[in-house]
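Fold the following, please.
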Amino acid sequence: MTTKTNFPRSLTSALDIPEHLHEYITEQDPTLYTPEDHASWRFIMRVSKFFFSTHAHPLYLAGLEATGIATERIPLISEMDQALSKLGWRAVAINGFIPPAVFLELQSLKILAIACDMRKIENLGYTPSPDIVHEAAGHAPIVCDPNYRAYLESYGQVARNAIISREDLELYDVIFELSEIKENPKALPEEIALVQKKFDTIASKIKEPSEAALLTRMAWWTTEYGMIEVDGKPVVYGAGLLSSILESHQCIYPHVKKIPFSLEATINTSYDITRPQPQLFVAKNFESLTEALEEFANQMCFRRGGLSSLSLAEKAEATVTVALDSGMQISGIVSEFEGQSQDEVHSFSITGHKQFSYHEAAMTEISDTHFGTKIHLPLFDPSISTVPLQDLLKKLHGTGIPTKSGNRITGQFKKEIKIGTGGRLVILEKAKITSREGKVVFEEKTRLYPFILGSKVVSVFGGAADRKEFALRYSNLKKKVKSHKTNATPENVTMNELYLKIRELRDSGKKDVSGLENLSLEAIEKFPHAWLIHLELLEIFKIHQINYNQSATDLEMLLIKAMAENPNQVEQIKMGLELLK
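Residues are numbered from 1 along each chain as shown. Down below sits the predicted model:
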């Protein structure tokens, strides 16, 4: 049976979250955290507050308090949600990695997605897997700055429109797999190496980064690993540094280059999540981040539209939405396109799962199952949109309606669907598109064909137009989320019981010399390698100014031995000993 720390249970927040995002939300279960987890959290927070009081954004310490993050125990996300609501933001529990589009959609709604897992003590200094240290203590404190909040919200709104590629999605899956296996206490080194090799292989194949990949780089060098200039000195604000007691202590030294922030520099600098960063970017202020984001957004397909946007969408091989000047939107995978110039698109083809929408409201009365696997969609002269239906039908049944490319479309009328003030979709049977020379360019013999009116491609953006309807319709494609995990094992039950006794003794405030002596002897005898236990016991000696006896000396010797035997623990133990001073 696992020893549990007696903290209140988290309540699920009643957030107004779109239905299609519900499956990515989990409920934090504090009973899954062990006493060692809380001791690890406490150690990280004590080290962080000491170091970041001079090396982080000035709002860091106040931000911890304002967002409901305490030192003594892992926070309840429901409490953080209540605290963040005063800032116009919310917090919700998720389980580790969620799809990037989901994370960004939540961020655009001003909702902080917080992973519930707690890192293993072996990864106390840093973990590539999202956990509550990174998401809570890393991301939340600086949200107190209104200019930073504005950047986060704008970033979410811009990035959710970015075109993500099939390669990006493959890389996301293997990053998820790599982070999971690195946090798995039962994972063998050869298993980790195998997944690492898979990651390296997929990453090496990506030659041209997508819009989403470039924006991810910007986020990495700002919200994750950003520094900002305060009184002429670079200080930390990025969550990746605020949650890494190892890398944050190293980043202030000269061997880590400090480069002035610029849009071009950040989006053209790749990164490796498994290694310390060799350089960091220092912003003048948070307003400059928002300005750079706006500069990038103006170059993106969702604002540019036209032929070049279709070209990028075709290379992505992933679901996008092509928006026409008529308000009609077609979501799917762009397989080919034709045009004369940037603003003169003649036609494009859509495959994969399809959605027809008008100003982001799906036309739910039709399904892509009614149509062929590929739909070739020509564009027309603007005047065609106002032609009465009867006149359209005469042309469709006769010589055909001319497209912008000079081709003609004919077909048998099935029905017309009107939506909003200008949305218009005519469903045809036996549709055929022929060239001026009479050559058949496209033909749908057995399935229905959507005759969509529009003269220009005004926008192309990532994902479906009506995300809720698309996600619910194709629910079988969604990644199911399991409950967040625990670090409790049958082997560490006794050790967790000792952690709990130490906490109770410290929290009692009593100068219990005999109790401290008994706990110290138990730690020395049963857990000679549990360095954090030894530090916590020495802390109680210091708190009560109890003269060091043989047990305290033995605990110190075990810490020195631990540093000699395991180089990975040296820095952390040194930090703990520094706190004792």
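
Which stretches in the stretch 151-300 of the chain count as strands?
Listed in chain order, the strands of the stretch 151-300 of the chain (DSSP state E, counting those that start in this stretch) span 226-230, 233-236, 257-260, 279-283.

The stretch 301-450 of the chain too?
Using DSSP E, counting those that start in this stretch, the strands of the stretch 301-450 of the chain run over 320-324, 328-341, 344-358, 361-362, 375-378, 401-402, 408-419, 423-434, 440-452.

quick revisit: could you dump the strands of the stretch 151-300 of the chain into CSV and include mean pLDDT, mean neighbour count and distance to residue 391?
To be clear about C-beta, it is placed using only N, CA and C from the backbone, and glycine gets the same treatment. Output for the strands of the stretch 151-300 of the chain, formatted as CSV (pLDDT from 0 to 100; neighbours: other Cβ atoms under 10 Å; distance: least, Cβ to Cβ, whole Å):
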stretch, mean pLDDT, mean neighbour count, distance to residue 391
strand 226-230, 97, 22, 59
strand 233-236, 97, 18, 66
strand 257-260, 97, 13, 62
strand 279-283, 98, 19, 58
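
and those as CSV, adding distance to residue 335?
Formatted as CSV, the strands of the stretch 151-300 of the chain follow (distance: least, Cβ to Cβ, whole Å):
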stretch, distance to residue 335
strand 226-230, 39
strand 233-236, 45
strand 257-260, 41
strand 279-283, 38
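
Out of those strands, the one nearest residue 72 is which?
Of all the strands of the stretch 151-300 of the chain, it is strand 233-236 that lies closest to residue 72, at 23.2 Å by Cβ to Cβ.

helices and strands around that closest one, which ones?
Applying 3 or more Cβ pairs under 8 Å, 6 or more residues apart in numbering; DSSP states H and E, one finds that strand 233-236 contacts helix 35-55, strand 226-230.

So which of the ones you listed is the most surrounded?
Per-stretch averages of neighbours, counted by mean count of other Cβ atoms under 10 Å, single out strand 226-230 among the helices and strands packed on strand 233-236, with a mean of 22.

coming back round to it: now, of the strands of the stretch 301-450 of the chain, which is deepest in the fold?
strand 320-324 (a mean of 26).

pull the CA atoms of the lowest-mean-pLDDT helix or strand in the chain into CSV?
Across the helices and strands of the chain, mean confidence by mean pLDDT, DSSP states H and E is lowest for helix 166-182: a mean of 81. The C-alpha trace of helix 166-182 is given here as CSV (Å, rounded to 0.1, in the frame of the first residue of the first chain):
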residue,chain,number,x,y,z
ARG,A,166,2.5,15.9,-41.4
GLU,A,167,6.2,15.8,-40.4
ASP,A,168,5.5,18.1,-37.4
LEU,A,169,2.8,15.7,-36.3
GLU,A,170,5.1,12.7,-36.6
LEU,A,171,7.7,14.6,-34.6
TYR,A,172,5.2,15.5,-31.9
ASP,A,173,4.3,11.8,-31.5
VAL,A,174,7.9,10.7,-31.0
ILE,A,175,8.6,13.6,-28.6
PHE,A,176,5.6,12.4,-26.6
GLU,A,177,7.0,8.9,-26.7
LEU,A,178,10.6,10.0,-25.7
SER,A,179,9.4,12.1,-22.8
GLU,A,180,7.2,9.3,-21.5
ILE,A,181,9.9,6.7,-21.6
LYS,A,182,12.5,9.0,-19.9
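
What are the buried residues along it?
When burial is assessed from 16 or more other Cβ atoms under 10 Å, helix 166-182 yields the following buried residues: 167-169, 171-176, 178-182.

cool, and stretch 492-511?
Neighbour-count burial for stretch 492-511 flags 492, 495, 496, 498, 499, 500, 501, 502, 503, 505, 506 (criterion: 16+ other Cβ under 10 Å).

what mean pLDDT does the helix or strand containing residue 515 have?
Residue 515 is part of helix 513-526, with elements assigned from DSSP states H and E. Here helix 513-526 scores 95 as its mean pLDDT.

got it, and stretch 149-160?
Here the average pLDDT along stretch 149-160 is 94.

And stretch 365-385, by the same measure?
87.

and if you look at stretch 127-139?
Averaging pLDDT along stretch 127-139 gives 90.

can you give me the end-to-end distance of that stretch?
End-to-end distance for stretch 127-139: 15 Å, by Cα to Cα, to the nearest Å.

do the same with stretch 131-149
End-to-end distance for stretch 131-149: 21 Å, by Cα to Cα.

same thing with stretch 97-115?
Taking Cα to Cα, the first and last residues of stretch 97-115 lie 8 Å apart.

for stretch 65-74, same thing?
13 Å.

Stretch 400-407 too?
Length of stretch 400-407, first residue to last, Cα to Cα: 9 Å.

which parts of that stretch are buried?
Of all the residues in stretch 400-407, those buried under the rule 16+ other Cβ under 10 Å are 400, 401, 402, 403, 404, 405, 407.

What about the residue lying closest to the second one once chain neighbours are set aside, how many residues nearby?
By that I understand residue 401. In space, and not counting its chain neighbours, residue 401 is closest to residue 395: 4.8 Å by Cβ to Cβ, 6 or more residues apart in numbering. By other Cβ atoms under 10 Å, 16 other residues sit near residue 395.

How much space separates residue 395 from residue 19?
Remark: distance between residue 395 and residue 19 (Cβ to Cβ, to the nearest Å) = 42 Å.

Contact partners for residue 187?
residue 181 (Cβ atoms under 8 Å, 6 or more residues apart in numbering).

For it, give its distance to residue 129.
12 Å.

Contacts made by stretch 520-539 with the rest, please.
With Cβ under 8 Å, 6+ apart as the test, stretch 520-539 has contacts from 36, 39-40, 43, 121, 494-495, 498-499, 502-503, 506, 516, 519, 551-552, 554-556, 558-559, 562, 569, 572-573, 576-577, 579-580.

Of those, which belong to helices?
Residues of the contacts of stretch 520-539 located in helices (DSSP state H): 36, 39-40, 43, 494-495, 498-499, 502-503, 506, 516, 519, 551-552, 554-556, 558-559, 562, 572-573, 576-577, 579-580.

Of the helices and strands packed on strand 233-236, give the one that comes closest to residue 350.
Among those, the nearest to residue 350 by Cβ to Cβ is strand 226-230 (38.5 Å).
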